[in-house]
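Visitor: A predicted structure for the sequence below; I have some questions about it.
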Amino acid sequence: MRVALIVDDSDLVRTVVSDLLSDQGYLTIDARNGEEALQQVATGNPDLILIDWMLDDFDAKGLIQRIRSASGFETTPIVYATTVNDANDIGAALAAGATTAVLKPYDALSFRELMTDLGQPVVV
């Protein structure tokens with residue numbers, strides 16, 4: 001089974017994203033902050049990582065760089081999730097190593113499109 005890591009400081013967002021990804025066939029693991037995310041990357045071996053733009057202890061772009069530098073995660077899809085549609089900010093996340101960016105709020109349609117864009121199997 002594919003594993004997705006959801007990194008967000010909001011319990012509600014993690015629950016919503018977990019439900020959406022579970023519907024797409026993912027087992028989900030989560031982290032409330034960057035330190036937990038790094039631990040989950042080391043032990044959970046995720047196939048997909050979604051990172052909120054604002055975390056309490058890490059700049060998301062810095063976290064993306066740390067994950068990209070970890071052995072085995074050079075090509076793992078990393079999705080930068082943001083509420084701010086700022087081309088410079090999204091560009092910086094992509095330059096840091098994010099595969100793509102998605103705007104919040106989430107819905108089932110946007111997640112199916114995201115999975116398609118990432119080349120992941122889609123459950124309709």
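Guide: Perfect, thanks for sending it.
Visitor: break down the chain into its strands, ranges please.
Guide: Along the chain, the segments classed as strands by DSSP state E run 2-7, 26-31, 48-52, 78-82, 100-103.
Visitor: hey, which of the ones you listed is tucked in deepest?
Guide: Counting by mean count of other C-beta atoms under 10 Å, strand 48-52 has the highest mean neighbour count of those, with a mean of 25. Heads up, the C-betas are built off the backbone N, CA and C, glycines and all.
Visitor: ok, and what's touching that one?
Guide: Contact with strand 48-52 is made by 2-10, 13, 17, 21, 26, 37, 41, 60, 63-64, 67, 76-82, 98, 102, 118, 120, as judged by C-beta atoms under 8 Å, 6 or more residues apart in numbering.
Visitor: so which of the strands of the chain gets nearest residue 90?
Guide: Residue 90 sits nearest to strand 100-103 of all those, at 4.5 Å, using C-beta to C-beta.
Visitor: and the closest residue to residue 51 other than its chain neighbours, what does it touch?
Guide: Among residues not flanking residue 51 along the chain, residue 7 sits closest, at 4.6 Å (C-beta to C-beta, 6 or more residues apart in numbering). By C-beta under 8 Å, 6+ apart, the residues touching residue 7 are 30, 31, 33, 34, 36, 37, 49, 50, 51, 52, 55, 63.
Visitor: over to residue 5?
Guide: Remark: with contacts taken as C-beta under 8 Å, 6+ apart, residue 5 is in contact with 28, 29, 30, 31, 37, 40, 41, 44, 46, 48, 49, 50.
Visitor: that one and residue 63, how far apart?
Guide: 11 Å (C-beta to C-beta, to the nearest Å).
Visitor: now do the shared contacts for those two.
Guide: Contact criterion C-beta under 8 Å, 6+ apart; residues shared by residue 5 and residue 63: residue 37.
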